[in-house]
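J.: here's my sequence, what's the structure:
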Amino acid sequence: MAVFREKTGDSRISAAQANSLMALSSGELWTFGTDALSRPTQHQQAIYALLARTRYGRQEIEGLYRSLADIAAQAHALIDIGALDLVSQIMLALPFPPQRKNLARYYQAFCLNKKGEFEAARETADQLLEEGLNPRLRSQVLLLKAASYFRSSEIDQSLRFYVEAGHFARDCDPSALITSQRMAAIIKSMHGDHDAAAADLEVLMPLACQIASHDPEAYAATLNSYAVELAELGRVEQALNVVSRVAAFPSLVPEITETIAELKSKLPTRKHSVVVIHRPEPVAALQANPNRGRKRVRTSTLVMREAERRFTSLRAPPASRVLPATILAAINPARQPAKPRAP
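T.: The predicted model follows:
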């Protein structure tokens, strides 16, 4: 609409008039005519000042929206539901077209899903999927809908949305792609196909390592799921080595602590053998201290003499059993002392 119209009917717009154009949220333009610019009254000056403040206010609102979106993204990554719910409500209250509020509506559905209100979360997701969303936001909404089915124990129903979310995220969102493929592997594992689940997760490992710096939650969750599947296949030690790499992320993935404890309980018990090895005395040490070796030799000699003495004393016959020489001669003449020979 036009606030002031030119009486002369001239449709040309001067430079001053062009600078006085201001876009509204409804898409209309406020214009100021030549008469109003050339002969401003007191009321018109007040209107100009009000419109100028509104123009600057709109720029501030744009900056506020961008700042709120950054805070919401951080809260979403850290799963801070309280902060995300508050920020998304403020974003919805700002005077923007409905298309600009799709992101805030997704955050609201995310909070509902985390609170266990699955039906309300799916209803909001369905409404968003009818909009012209970009591929990245569409993949996020599909993941949200799949998670709502998964958490409500509708496992097979969630698989279709996980696969569809991975299709949209393939070229624009590696984190969403990893999440969709990991959950599809978990569903295979729940149906007993541990070999296929482990193979799918092993394919995701290089991509998970690439995004570990900016999405540690997806990285830790992937390694935790891979370790669980390795344990199901009997490769417990390898599984423990894998999950130990992300032991520092229990706040993001609480299942890691439980997985490590379970894997340690499955490790086989080992019997340790102790082998004593005699280390000979170095020659250099003997040369540096020659008396050290002599002392050991003297000690060993005394020990051997004492042992011989005790052994001899034990084998000696008692005094009462010693026979006189005459009796010995009568018993055994061969042992008689030799007689002196004749000269």
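J.: quick one: mean pLDDT for the one helix or strand Ile90 maps to?
T.: Assessed by DSSP states H and E, Ile90 sits inside helix 81-93. Helix 81-93 shows a mean pLDDT of 89.
J.: would you indicate which residues of it are buried?
T.: Neighbour counts over helix 81-93 (16 or more other C-beta atoms under 10 Å) mark Ile81, Leu84, Asp85, Leu86, Val87, Ser88, Met91 as buried. In short, each C-beta sits where N, CA and C put it, glycine included.
J.: same check, this time on stretch 197-215
T.: Across stretch 197-215, burial judged by 16+ other C-beta under 10 Å covers Ala197, Ala198, Asp200, Leu201, Leu204, Leu207, Ala208, Ile211, Ala212, Asp215.
J.: between those, which is nearest Asn102?
T.: The nearest member of the buried residues of stretch 197-215 to Asn102, counting by C-beta to C-beta, is Asp215 at 22.2 Å.
J.: ramachandran coordinates for that closest one?
T.: As for Asp215, its main-chain torsions (degrees, to the nearest 10) stand at phi -140, psi 70.
J.: distance of it relative to Ser265?
T.: 30 Å (C-beta to C-beta, to the nearest Å).
J.: same question for Met91.
T.: Between Met91 and Ser265 the distance is 47 Å, computed by C-beta to C-beta.
J.: repeat for Met190
T.: 22 Å.
J.: again with Leu68
T.: Applying C-beta to C-beta to Leu68 and Ser265 gives a distance of 47 Å.
J.: more neighbours, the two?
T.: Each of Leu68 and Ser265 has its neighbours counted (other C-beta atoms under 10 Å); Leu68 has more, 18 against 8.
J.: residue contacts, that one?
T.: If you count contacts by C-beta atoms under 8 Å, 6 or more residues apart in numbering, Leu68 has them with Val87, Ile90, Met91.
J.: how far away is the closest residue to the last one other than its chain neighbours from Leu78?
T.: To tie it back to what came earlier, the one meant is Met91. Distances taken as C-beta to C-beta, 6 or more residues apart in numbering put Ala104 closest to Met91, at 3.8 Å, once the chain neighbours are dropped. Distance, Ala104 to Leu78, using C-beta to C-beta: 18 Å.
J.: so these two - more neighbours on which side?
T.: When Ala104 and Leu78 are compared for neighbours, Ala104 comes out ahead with 23 against 13, by other C-beta under 10 Å.
J.: any regions of the stretch 1-150 of the chain where pLDDT drops low?
T.: Low-confidence segments of the stretch 1-150 of the chain, defined by pLDDT under 70: 1-57.
J.: quick one, helices of it?
T.: 15-19, 34-38, 42-77, 81-93, 102-114, 118-129, 135-151 (DSSP state H, counting those that start in this stretch).
J.: want to throw the ones you listed into JSON lines with distance to Thr257?
T.: JSON lines is the format used below for the helices of the stretch 1-150 of the chain (distance: least, C-beta to C-beta, whole Å):
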{"stretch": "helix 15-19", "distance to Thr257": "62"}
{"stretch": "helix 34-38", "distance to Thr257": "71"}
{"stretch": "helix 42-77", "distance to Thr257": "21"}
{"stretch": "helix 81-93", "distance to Thr257": "22"}
{"stretch": "helix 102-114", "distance to Thr257": "21"}
{"stretch": "helix 118-129", "distance to Thr257": "27"}
{"stretch": "helix 135-151", "distance to Thr257": "21"}
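J.: so which of those is nearest Asp173?
T.: It's helix 135-151; of the helices of the stretch 1-150 of the chain, that one is closest to Asp173 (C-beta to C-beta) at 4.9 Å.
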